[in-house]
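> any chance you could fold what I've pasted below:
(2 chains)
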Amino acid sequence: MTLKQFSSSKCFGGLQKVFEHHSVELKCKMKFAVYLPPKAETGKCLVLYWLSGLTCIEQNFISKSGYHQATSEYGLVVIAPDTSPRGCSIKGEEDSWDVGTGAGFYVNATEDLWKTNYRMYAYVSKELPQLINDNFPADPQRMSVFGHSMGGHGALICALKNPRKYKYVSAFAPLCNPVLCWGKKAFTGYLGIDQSKWEAYDATCLVKSYPGSQLDILIDQGKDDEFLSDGQLLPDNVIASCTEKKIPVVFRLPEGYDHSYYFIAIFIADHIRHHAKYLNA
Amino acid sequence: MEEGAGEAPGLGRSAASKDFRFYHMDLYDSEDRLQIFPEESTRMRREGVQAEMTHEPMRGGVKGKAPGDLGEEVDELVHPYGLEDDHELGDEFIEENTPRIEVSEYPSYMMMGSEQRDWRLTGETAQGEDLGFMGWGSAGQCQDLREAYRYSHGRASEEYECYVIPEEEDEEEVADIFCVTCKTPIRASEKDQDEHKQHEVTPLSKALESAKDEIHKNMYKLEKQIIEMENFASHLEEVFITVEENFGRQEQNFESHYNEILETLAQKYEEKIQALGEKKKEKLEALYGQLVSCGENLDTCKELMETIEEMCHEEKVDFIKDAVAMADRLGKFLKTKTDVEISAQPDFEDQTLDFSDVEELMGSINTIPAPSAPVINPQAPNSATGSSVRVCWSLYSDDTVESYQLSYRPVQDGSPGKEQTEVTMTIKETYCSVTNLLPNTQYEFWVTAQNRAGLSPTSERAVYMTAPCPPIIKSKEIRSCEEAALISWESGNLNPVDSYTVELTQAEMPGASGVTESVVGIPTCECLVQLQPRQSYTIYVRALNVGGPSARSEPATVHTTGSYFPLDKHTCHPRLTVSEDGLTVVRSERRGPPREPVPSDAHFTRCAAVMGNLIPVRGRHYWEVEVDECLDYTVGVAFENVPRQEDLGANRLSWCMRHTFASSRHKYEFLHKTTTPDIRITVPPKKIGILLDYENAKLSFFNVDISQHLYTFSCQLPQFVHPCFSLEKPGCLKIHNGISMPKHITFY
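Presented below is the predicted three-dimensional model:
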């Protein structure tokens, strides 16, 4: 497994790099971004995985969110992978923005069409962490995950499906209950029509079967997010299940913010601080 | 070592040496005396001793001139024997460790030819010789030396055994560990031999260290003892001088009186002798006169006889004629009475000697003029207590005083109507500790001296003041944080005092004697003291006036773990009650009329709130509040002047987290200026952590049990804020104070 460095730029004393490698899970070349804080020069760092939303590539987050300063300060390594396999020549792959390229939904596809390449869950929760731990000054014991929109959904399911693996999870405007909205189309495509299989990738459903080990969730959701009013994100559902299961969630609904990176940028430092707290605990 | 030397055969111990021993034992019998042997300090001391030795012979010489003189004895006492003895010990150790001899020292001992020391001298010389030879000998001889040492040092040398690490043992195979059980250094290889197998061992260097430490400790003790002894000696010297002066004066007094008496007696003798001589002369003269006249009479009689005889031989006519004339003459003569009474008695007239004036003189030997007025001293600083003052005065040196009359009365504070009682007491000394006085009060003192001849005039009046009563620390109002504590107290005195002193002792660990720090010159009944974080302190307060400091107040304890604040009952809404410990706020169920509020403008009138008194220190403060999940409450901070008729969070002066529970839904608001962000929390906190961070201008709330951050206000806090608590429904809030900040909150 060889890593090919694509770019490296100094930022807040650290280095923002982009690599390309061949993914075993996805059977294609994948790019991912790595931010190495100044602390990485001298010792192992805690790793924070960012999962992006629909249509994004690794660049969106690193160029728009303004996460570098806080990350540099707290000494975290931040990994931002792509959102789906690319160039796999699957029929219909490029046809729509919510299935196929840029819309991996962080599931392991079971339908024949997709199952060879679309194994984003395995990629972000297993292959990529292994790769990072092997090649970078990363502390394999301490990782956490956050994301935006579809990536927020990805972050939540990663944390809920792997108790204790992730120290902390936070999300910006996540898809909290995809089986009831946006996810329907993608899940049908990737997982088939059996909706019970969908539940394994649905945060609200996963909460109900979560074994109850310590997990702390922070969700920020712009109040003027058009997808919120559209009923695509359904945060109330996950809050209700978490309230029932007594899983601690702080859900903040700041007024005036939409679904964009402009909204992320203002709260990103806050999220990174939360992660740093739990990773350092 | 004196013991040992005393027991040594052939050393006579005179009574004087016993005396000597007595002093010595009294002051130096402690075991630690013998534990002095770190070389370097011994050498240091040795220099001091040598300096002293230089005048030793001279002193001896002086003593020789006047043996048995009081001066000598006092000198003996005054002289710090301790030093010499230390020196002796030190000497031996030096010999042991670094073989060298300063022979000159022994002669200098010899010079001290005082009787008392003879016994010692003998031992000393002998010992000196021993040491002299052994000191030069090979290392192996040191064993003998120590034997000698032990012999001369008696039982205490056992101590010595415990600490000395002999360095002479087998040079080829050096001992490198120390057997604690046997208290002896052994070679590591010996460790496995049966003798030390079960024994505890430490590295030799470590044992050496601990032994040295011990020695240093004892050195220190000993030095202290020496200083005490020197002080005691100089005190004795003073006493000696005083005694000498006093007796000298008395001698002079006696001499002049006895001379006067002798002169008087001599004069009386002269007078008596003279009077006696005159009397004798007078008597003899009288007797002589009588004798002369007696002779004359006798002649006349003889003449008459002769004439008559002649007449008888005459003729009758002539005879008759002459006989008539003769008869007339005879008749005349016989008529004149012959005085045969002795005019002067030969015996001595009984003369009484009058000695009354001599007696008077004798009696007046002790009679002296009445003393002049004593001089009363002004009050010495720090000499008073709360109930007593120490009054001092002095007399003119020529005066002889039998006793003093000390009188005092409280200084009138302008109310002449009050009868102030005067107290007078008789005292022999020139000082008196007057007790049973009122604290922090001025008293006027005056003194008269008296002797047999009478009373002196009264001294000037001096005003003395008793120390104040100890203040009373308001323990329940102590506020603290990690860096400081705010202590307040009641004066405890009706009259104002000059200042207060706060004393703090850090109780680091049990048993360790904490160092006491003092903050002095505090003008008010409140003090903010800087402290170290996460420690416990015992705090005392004293009040001070010119008389001195009061006794310590009752102690108060301060823990600088987290922040500690009491609730301010003056701010308490009438519906609320604060528990006795000041940490629980209760709103009771009953809907009756609210309790009578504490008369104050400070209490909340609209929301049922109470404020805490947080220490005015910028920095970080953290506290926790235990709540019921279903309780409606508000917790947060507010400026001191937050409007009492408004809800908390309803203005620019307060920042609060409010929880309301309605139709089984929890609603959490983070209120400032009546606005709140929209935040939902899935797990209702049972314990809320509140972090007030002045430095970063932030106020954060946490769910303590799950270390969950709930919300952070960014708030500019130009003034100090105080914690505030409000209950909108019956229930209670329990405040947890003085807890250290959980680690996770340091990220906010």
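> chain B contacts on the stretch 101-250 of chain A?
A:Gln214, A:Asp216, A:Leu218, A:Lys223, A:Ile239, A:Cys242, A:Thr243, A:Lys246, A:Ile247, A:Pro248, A:Val249, A:Val250 (CB under 8 Å from any CB of the partner chain). To be clear about C-beta, it is placed using only N, CA and C from the backbone, and glycine gets the same treatment.
> now, of those, which are buried?
Those of these that meet the buried threshold are A:Asp216, A:Leu218, A:Lys223, A:Ile239, A:Cys242, A:Thr243, A:Ile247, A:Pro248, A:Val249, A:Val250, by 16 or more other CB atoms under 10 Å in any protein chain shown.
> which of the residues you listed fall within strands?
Applying DSSP state E to these, the entries found in strands are A:Leu218, A:Val249, A:Val250.
> OK, contacts around the residue in the stretch 1-150 of chain A that chain B sits nearest to?
The minimum distance from the stretch 1-150 of chain A to chain B, using CB to the nearest CB, falls at A:Tyr74 (8.4 Å). The contact partners of A:Tyr74, by CB atoms under 8 Å, 6 or more residues apart in numbering or on different chains, come to A:Pro37, A:Ile272, A:Arg273, A:His275, A:Ala276, A:Asn280.
> swap the cut-off to 10 Å and go again
A:Tyr74 makes contacts with A:37, A:39, A:45-46, A:48, A:269, A:272-273, A:275-277, A:279-280, B:747, as judged by CB atoms under 10 Å, 6 or more residues apart in numbering or on different chains.
> okay, these in JSON lines with neighbour count and pLDDT next?
Formatted as JSON lines, the contacts of A:Tyr74 follow (neighbours: other CB atoms under 10 Å in any protein chain shown; pLDDT from 0 to 100):
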{"residue": "A:Pro37", "neighbour count": "23", "pLDDT": "96"}
{"residue": "A:Lys39", "neighbour count": "19", "pLDDT": "92"}
{"residue": "A:Cys45", "neighbour count": "26", "pLDDT": "91"}
{"residue": "A:Leu46", "neighbour count": "23", "pLDDT": "90"}
{"residue": "A:Leu48", "neighbour count": "28", "pLDDT": "95"}
{"residue": "A:Ala269", "neighbour count": "17", "pLDDT": "93"}
{"residue": "A:Ile272", "neighbour count": "25", "pLDDT": "94"}
{"residue": "A:Arg273", "neighbour count": "16", "pLDDT": "91"}
{"residue": "A:His275", "neighbour count": "29", "pLDDT": "91"}
{"residue": "A:Ala276", "neighbour count": "21", "pLDDT": "90"}
{"residue": "A:Lys277", "neighbour count": "21", "pLDDT": "85"}
{"residue": "A:Leu279", "neighbour count": "23", "pLDDT": "78"}
{"residue": "A:Asn280", "neighbour count": "16", "pLDDT": "78"}
{"residue": "B:Phe747", "neighbour count": "16", "pLDDT": "75"}
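> that older thread, in TSV: the buried ones among the residues of the stretch 101-250 of chain A next to chain B, plus distance to B:Phe720 and pLDDT.
Formatted as TSV, those follow (distance: CB to CB, whole Å; pLDDT from 0 to 100):
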residue	distance to B:Phe720	pLDDT
A:Asp216	32	87
A:Leu218	31	94
A:Lys223	35	93
A:Ile239	37	93
A:Cys242	38	92
A:Thr243	38	90
A:Ile247	38	91
A:Pro248	32	91
A:Val249	34	92
A:Val250	29	93
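> closest one of those residues to B:Leu486?
Minimum distance to B:Leu486 across those is 35.0 Å, recorded for A:Val250 (CB to CB).
> any low-confidence regions in chain B?
B:1-174, B:190-195, B:337-340, B:343-344, B:346, B:348-351, B:363-369, B:413-420, B:508-515, B:590-599 (pLDDT under 70).
> so where's the longest helix in chain B?
Secondary structure of chain B per DSSP state H: the longest helix is helix B:204-312.
> if we can go back for a sec, make a markdown table out of the buried ones among the residues of the stretch 101-250 of chain A next to chain B and add distance to B:Asn231.
A markdown table is the format used below for these (distance: CB to CB, whole Å):
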| residue | distance to B:Asn231 |
| --- | --- |
| A:Asp216 | 69 |
| A:Leu218 | 72 |
| A:Lys223 | 83 |
| A:Ile239 | 81 |
| A:Cys242 | 78 |
| A:Thr243 | 79 |
| A:Ile247 | 76 |
| A:Pro248 | 71 |
| A:Val249 | 76 |
| A:Val250 | 72 |
